[in-house]
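Trainee: Got a predicted model here, sequence first, then my questions.
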Amino acid sequence: MPETQGILIWTFISECPIPNDVNDLLVAGEVAIAAYKTIRDSAIFTNKRLIVRDAQGLTGKKVEIYSLPYSSINMWSTENAGSFLDFNAEVELWTRAGHIKVNLKKGVDIRKFDKLISNALLKD
């Protein structure tokens, strides 16, 4: 099984509309639920996984896609912004592939984000 090197860090800036082209990535029965703008692209929660698209290079034409099936997440934690000088909330995911940290910029609802993960992992 591949391992991420160290901690993989993503930054989600704001909630955004679900990109139309994400449907090309979905399998039968998979539905996009929510999307977040990242620094150069987007992250999409589906009913089966978290998809993070990362545009690379100067033109952004090269795109790396991370697919994190919810079944690979062993544990998670959330930390809300502590004061008016603390602009980021943080989510940490411990997965079979390694440790992932997600920084949520000010304005991203940490409790909604936490509920997305909870619903994906704890549903019957």
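Mentor: Received, thanks.

Trainee: Can you get me a residue count around Ala35?
Mentor: Neighbour count for Ala35, taken as other C-beta atoms under 10 Å: 21. Placement of C-beta: from N, CA and C, glycine included.

Trainee: partner residues bridging it?
Mentor: With beta bridges defined as DSSP bridges, Ala35 has these partners: Cys16, Ile44.

Trainee: Repeat that for Thr78.
Mentor: Per DSSP bridges, the residues bridged to Thr78 are Val91.

Trainee: Would you mind listing the residues in contact with it?
Mentor: Residues near Thr78 by C-beta atoms under 8 Å, 6 or more residues apart in numbering: 89-91, 110, 113-114.

Trainee: go with 10 Å
Mentor: When contacts are counted by C-beta atoms under 10 Å, 6 or more residues apart in numbering, Thr78 touches 89-92, 102, 104, 110-111, 113-114, 117-118.

Trainee: Show me how far stretch 52-61 is from its chain's centre.
Mentor: 16 Å (C-alpha atoms, centre = their mean, to the nearest Å).

Trainee: got the buried residues for that stretch?
Mentor: Buried residues in stretch 52-61, defined by neighbour count with 16 or more other C-beta atoms under 10 Å: 52-54.

Trainee: Let's have these in JSON lines, adding secondary structure.
Mentor: Putting these into JSON lines (DSSP: H, G, I helix; E, B strand; the rest coil) gives the following:
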{"residue": "Val52", "secondary structure": "strand"}
{"residue": "Arg53", "secondary structure": "strand"}
{"residue": "Asp54", "secondary structure": "strand"}
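
Trainee: out of these, who's nearest Ser77?
Mentor: Val52 (18.7 Å; C-beta to C-beta).

Trainee: Wait, that closest one touches Val22, no?
Mentor: No. Using C-beta atoms under 10 Å, Val52 makes no contact with Val22, being 11.4 Å away.

Trainee: low pLDDT regions in this protein?
Mentor: Within the chain, the ranges that satisfy pLDDT under 70 run 1-6, 57, 59-60, 81-87, 124.

Trainee: about what we covered before: turn the buried residues of stretch 52-61 into a markdown table, columns for distance to Trp76.
Mentor: Output for those, formatted as a markdown table (distance: C-beta to C-beta, whole Å):
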| residue | distance to Trp76 |
| --- | --- |
| Val52 | 15 |
| Arg53 | 21 |
| Asp54 | 21 |
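
Trainee: Thanks a lot, catch you later.
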